[in-house]
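1. Here's a sequence, model it:
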Amino acid sequence: MLGLGLPLLLFLSRGLLETAAAESSFLLPAPQNVSIVSYNFQSTLKWSPVVGINNSAVSYRVDYQPTSFDFWIEVNSKNITKSEYDFTNDIKEHVKVTFRVRTEQGELKSDWVKTSPFRAGDQTILGPPREIDATVKANSILVSYKAPFDNNSTFFAFLYSISYWEKLTNKDPPPLDKMAVVNTRNTKYKLANLMEMTEYCFHILAMLPEKGLQERRLSDTYCRKTSITETTKILWITLPIISVVVLLVIIFFCLTIMQKHQNIIKSLWRPPLTIPSHYEEDLQNPHMNVVQEFKNCAGEDHWDSVSVISSVEQNSTMTNSTDCNNQEVHLLETDHFAQIQ
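-> Numbering: from 1, shown residues only. Predicted coordinates for the structure are as follows:
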């Protein structure tokens, strides 16, 4: 009996070992690349798809464990066939959890694969504000936008950081020290006291400073050109009119002065006719008896006025002119005679 018992025991032990080896050789492959993707608090557990035995379909089991618990909890979704699990609505943003996932096919199962601890309130990626719009109002720009996502929870108290700058050549933002930055919790903000007729660019960043998020996405860059204020419009309209009025006043004033001081202006623009100095020296000769009369004839200004005279007055004028010419001839003859003597 003892002789039969030992071989039987060895046979059973060998059978158990072979069965265990067979079962271990048929373990399913475990999921690979297990990770958590969270954007705007929409969180999803993802992994690479697994192919079952004979290329058959497999399912997945997902468990989670809050850090304050010492046991695992299976998620509500059973027999997960996709290689992902959205747990946004199952686990709150402030709860820190660890996930594990494995492959299942009938009675066959794979090893568990765990994730690192995750809390959406700290680790989600916060996107930029939505539906950004800008309205130009004279020398200001009214910027309006919405939160990165719709929510009805007081857990999210967004702070918006608006950076704006004067556009020079392109949309590329300048260095930080060249930007103007304002922070507000409102979904509308007026960029005031800007330069008129100048193009400005801006972008917006949404933040949750109380949550300590490490990664945030910046919005696209938007550019708008300011217009002019009502005061500037009035100045542009009235300035030409004022200029014309001032010019007319100056012209009227100049004409008045010219009319009042006509003789002075004439003397400045056209000095009176004078006898050249070398002729005046000859006329100073004591033998010249008609110097004064010659000066009178030479000094007459025949261009100041024009008169119509009768034939009698014309003859008289011609006689006077002839007398002056005769006196000049007589003067020249007397001087010649004196030189001969």
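2. And the nearest residue to residue 192 once chain neighbours are set aside, how far from residue 61?
-> Leaving aside its sequence neighbours, residue 192 sits nearest to residue 140 (C-beta to C-beta, 6 or more residues apart in numbering; 4.5 Å). Using the backbone N, CA and C atoms, a C-beta is placed for each residue, glycine as well. For residue 140, the distance to residue 61 under the criterion C-beta to C-beta, to the nearest Å works out to 58 Å.
3. go on, residue 93?
-> Here the distance between residue 93 and residue 61 works out to 24 Å (C-beta to C-beta).
4. With residue 52 instead?
-> Between residue 52 and residue 61 the computed distance is 14 Å (C-beta to C-beta).
5. what do you get for residue 133?
-> To residue 61, residue 133 is 47 Å away according to C-beta to C-beta.
6. With residue 43 instead?
-> 19 Å.
7. quick one: which of these two has more around it?
-> Neighbour tally, residue 43 and residue 61, criterion other C-beta atoms under 10 Å: the higher count belongs to residue 43, 22 against 18.
8. who's in contact with the helix or strand hosting the more buried one?
-> Here residue 43, judged by DSSP states H and E, is contained in strand 42-46. Outside strand 42-46, the residues that touch it by C-beta atoms under 8 Å, 6 or more residues apart in numbering are 33-38, 62, 83-88, 91, 99, 101, 115, 118, 120, 124, 149.
9. switch to 7 Å and redo it
-> Residues from elsewhere that reach strand 42-46 (C-beta atoms under 7 Å, 6 or more residues apart in numbering): 35-37, 62, 83-88, 99, 101, 120, 124.
10. And these, which is closest to residue 68?
-> Of all these, residue 68 sits closest to residue 99, with 15.6 Å by C-beta to C-beta.
11. Quick one: classify that closest one as helix, strand or coil.
-> For residue 99, the assignment made with DSSP: H, G, I helix; E, B strand; the rest coil gives strand.
12. Low-confidence ranges, the stretch 1-150 of the chain, go.
-> Counting by pLDDT under 70, the ranges of the stretch 1-150 of the chain that qualify are 1-26.
13. would you list every one of the helices in it?
-> In order along the chain, the stretch 1-150 of the chain carries the following helices (DSSP state H, counting those that start in this stretch): 2-25, 120-123.
14. Tell me how far the nearest residue to residue 58 once chain neighbours are set aside lies from residue 60.
-> Closest residue to residue 58 apart from its sequence neighbours, by C-beta to C-beta, 6+ apart: residue 52 at 4.1 Å. Remark: distance between residue 52 and residue 60 (C-beta to C-beta) = 11 Å.
15. out of these two, which sits in the more crowded spot?
-> In this comparison of residue 52 against residue 60, neighbours counted by other C-beta under 10 Å, the higher total goes to residue 60 at 22 against 17.
16. you'd agree that one is up against residue 80?
-> Yes. Here residue 60 lies in contact with residue 80, judged by C-beta atoms under 7 Å, at a distance of 4.5 Å.
17. give me the element residue 237 is part of.
-> Short version: residue 237 belongs to helix 230-260, going by DSSP H and E.
18. domain ranges for the protein?
-> With automatic domain parsing serving as the domain definition, the record reports that the chain contains domains spanning 27-122, 126-228, 231-260.
19. can you list these in TSV and add distance to residue 277?
-> Converted to TSV, the domains of the chain look like this (distance: least, C-beta to C-beta, whole Å):
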stretch	distance to residue 277
domain 27-122	105
domain 126-228	68
domain 231-260	33
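20. closest to residue 276 out of those domains?
-> Using C-beta to C-beta, the nearest of the domains of the chain to residue 276 is domain 231-260, at 31.0 Å.
21. So for the closest one, mean pLDDT?
-> Per-residue pLDDT values over domain 231-260 give a mean of 78.
22. for stretch 173-192, same thing?
-> Rounded to a whole number, the mean pLDDT of stretch 173-192 is 91.
23. So which residues make contact with that stretch?
-> Defining contact as C-beta under 7 Å, 6+ apart, one finds that stretch 173-192 is touched by 140-146, 158-165, 221.
24. now with 8 Å?
-> Where contact means C-beta under 8 Å, 6+ apart, the residues beyond stretch 173-192 that reach it are 129, 137, 139-147, 157-165, 168, 200-203, 221.
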